[in-house]
Structures are given as C-alpha cells and as structure tokens.
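Engineer: generate coordinates for the sequence data below:
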Amino acid sequence: MIGAAAPLAVSGMTVAYRKKPVVQGVSFEAKKGELIGIIGPNGAGKSTLIKAILGLIPALEGEVRIYGKPYKQQRKLVGYVPQRESVDWDFPTHALDVVTMGRYGHLGLFRRPGRKEKELAFECLEKVGMAAFANRQIGQLSGGQQQRVFLARALAQDAALYLMDEPFAGVDAATEKAIVLLLDELKRQGRTVLVVHHDLTTVTEYFDSVLLLNGEKIAFGPTAAAFTPELLHRAYGGKLGFRMPVPTADSGE
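Structural biologist: Below you'll find the model as predicted:
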C-alpha cells in the first residue's frame, strides 16, 4: 500500500545546458489518478523537465519526490515512454523482448525473465493491439507500431506513475486512439500520467490538468483554469496559431 504522499512532487527544479538555464524554478505536485499534459512551445524545456525528474540529466537545483521519497528509492513505481526519435530502432531485438524489458526492475540483478514475464509482456502487447507483431524485429515496424510497443513496455512495468514524452507525435489515427484508451484505463486504475504534448486542439479532451511551461512554469492546475487564452499567450506569445474552442449554447457552460 502506497502512502498518502503525492505520486510526484517537484520543487524548485532548475536545469541548464552549457550554463544557460533551460528549466528554471519549476514546482508542482501531481495528484493520484490524474492525466496531466505538459504543454509549451518548442524549446520550452518540456522533455528536459521529464528527463531531470527521472535523473537522466543532472539538475542544478531542485528536489523530486515520488510518493514522499527520492526517485532512486522509488524507481519501480515509475514508468517512462521516451520520444520515439531517441530510440535505436536498428537494435536487433523483437517486440516481445522490448516489452519484457519492462519487467527487469521487478526481477532483481540476477534473475532472468521467464515464462511468467513473457506471458505478461504478451498480454501488454495485446492491450495495445500489437500481439500479432510479438516476434517482429522492432526496426521493421511502422512508427505508430513502434510507439505502441513502447507503451506496452511501460504497461509491463506496472508503475504507479508514468512519464510519457510526446507519445502522440507522428502516429496514425488508430495509434492515437489506442493511446487515448490506454491513458483512460491507467486513470481508472488510479495511476498518474504526465504527457509531454504538442497538439493544443486535443488538450481539453485528453487531460485533467495542465502544466504550461516556457522555461519556467507559466501555470499548473485543472485544464479549465490553466489552459486559457491569456495563459497560452504568456507561454507562446505571437507564435500561437490556435483558437480556444467556443462553448456551444447547449454545452452547459
């Protein structure tokens, strides 16, 4: 039983490249069972923030707590879906093997995955519609199929907190629908999911809360409060080619 502490609490996160701050003083706290969109213009530090939370890149300042404890003590509770472009798709391995890797954190140093782990990995592939491709080399899969395999790997981790870096980028309509269904399922299970996202037209449909970022935190909170024209203009300035949807007369607004 995980304690009552927040699934993720970030305090004063600052990250710099070559002494130039990319993320500065970002603090927020994610609630259990929330789908959170991390939104901002190109170069806003969205992916950098995710990597710093995971300890993949060093932070100048800041603290990360996963259910009240440092990330290093809680690795097994965290699942990560990287950007597809950051993966070596020429690596000679099959889809099922990639998903099975998601179980390594539960096995310990000296145990190898066995039949139980393979069966669980196959079930995760089924959930994302990729069971028929279990023995396909990952480099032979389409971009959308590769993304589904990495989502299946994250599922196999059986995490309480998921960090996903642009899972919708460059995927087809079928894969986008599969991702949305997966996010909804994780939410129903009480998992917390943070998603770096670039399509502003789907933010209100997909996410409960929004972290609006441009180097620093512009806003964080429920989507209705944090995803407003005024705050978007602060984040994007004149680069924002997007109009907020206008509520219809029968929308109850």
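
Engineer: buried set for stretch 40-54?
Structural biologist: 40-41, 44-54 (16 or more other Cβ atoms under 10 Å). Just so you know, the C-beta spots here come from the backbone N, C-alpha and C atoms, and that holds for glycine as well.

Engineer: ok, the spatially closest residue to residue 47 that is not a sequence neighbour - contacts?
Structural biologist: Spatial nearest neighbour of residue 47, chain neighbours left out: residue 165 (5.4 Å); criterion: Cβ to Cβ, 6 or more residues apart in numbering. Counting by Cβ atoms under 8 Å, 6 or more residues apart in numbering, residue 165 touches 46-47, 50, 80-83, 196.

Engineer: doesn't residue 155 lie inside a helix?
Structural biologist: Yes. Per DSSP: H, G, I helix; E, B strand; the rest coil, residue 155 lies within a helix segment.

Engineer: pull the contacting residues for it.
Structural biologist: Neighbours of residue 155 in contact, by Cβ under 8 Å, 6+ apart: 79, 99, 102, 124, 127-128, 182.

Engineer: about what we covered before: between the contacts of residue 165, which is nearest residue 226?
Structural biologist: residue 46 (14.7 Å; Cβ to Cβ).

Engineer: and of the buried residues of stretch 40-54, the nearest to residue 224?
Structural biologist: residue 40 (18.3 Å).

Engineer: can you tell me the closest non-neighbouring residue to that closest one?
Structural biologist: In space, residue 40 is closest to residue 213, 4.0 Å off (Cβ to Cβ, 6+ apart).

Engineer: pLDDT wise, what is residue 242 at?
Structural biologist: Here the pLDDT value assigned to residue 242 is 58.

Engineer: check residue 133 too.
Structural biologist: 93.

Engineer: just to revisit the earlier point, turn the contacts of residue 165 into a markdown table, columns for secondary structure.
Structural biologist: Converted to a markdown table, the contacts of residue 165 look like this (three-state DSSP):
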| residue | secondary structure |
| --- | --- |
| 46 | helix |
| 47 | helix |
| 50 | helix |
| 80 | strand |
| 81 | strand |
| 82 | coil |
| 83 | coil |
| 196 | strand |
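
Engineer: so where's this protein shaky on pLDDT?
Structural biologist: 1-4, 85-90, 104-114, 238-253 (pLDDT under 70).

Engineer: name the single longest helix found in it.
Structural biologist: helix 173-188 (DSSP state H).

Engineer: which other helices and strands contact that helix?
Structural biologist: strand 35-39, helix 143-156, strand 192-196 (3 or more Cβ pairs under 8 Å, 6 or more residues apart in numbering; DSSP states H and E).

Engineer: alpha carbons only: can I get the longest one in PDB?
Structural biologist: Read it as helix 143-156. Provided in PDB are the C-alpha atoms of helix 143-156 (Å, rounded to 0.1, in the frame of the first residue of the first chain):
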ATOM      1  CA  GLY A 143       6.300   4.500 -36.400                       C
ATOM      2  CA  GLY A 144       2.900   4.000 -34.800                       C
ATOM      3  CA  GLN A 145       3.600   0.300 -34.200                       C
ATOM      4  CA  GLN A 146       6.900   1.200 -32.500                       C
ATOM      5  CA  GLN A 147       5.200   3.700 -30.300                       C
ATOM      6  CA  ARG A 148       2.600   1.000 -29.200                       C
ATOM      7  CA  VAL A 149       5.400  -1.400 -28.400                       C
ATOM      8  CA  PHE A 150       7.000   1.200 -26.000                       C
ATOM      9  CA  LEU A 151       3.600   1.800 -24.500                       C
ATOM     10  CA  ALA A 152       3.300  -1.900 -23.900                       C
ATOM     11  CA  ARG A 153       6.700  -1.900 -22.200                       C
ATOM     12  CA  ALA A 154       5.600   0.800 -19.900                       C
ATOM     13  CA  LEU A 155       2.500  -1.200 -19.100                       C
ATOM     14  CA  ALA A 156       4.600  -4.200 -18.300                       C
END
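
Engineer: point to the residue nearest the middle of the protein.
Structural biologist: residue 164 (1.7 Å; Cα atoms, centre = their mean).
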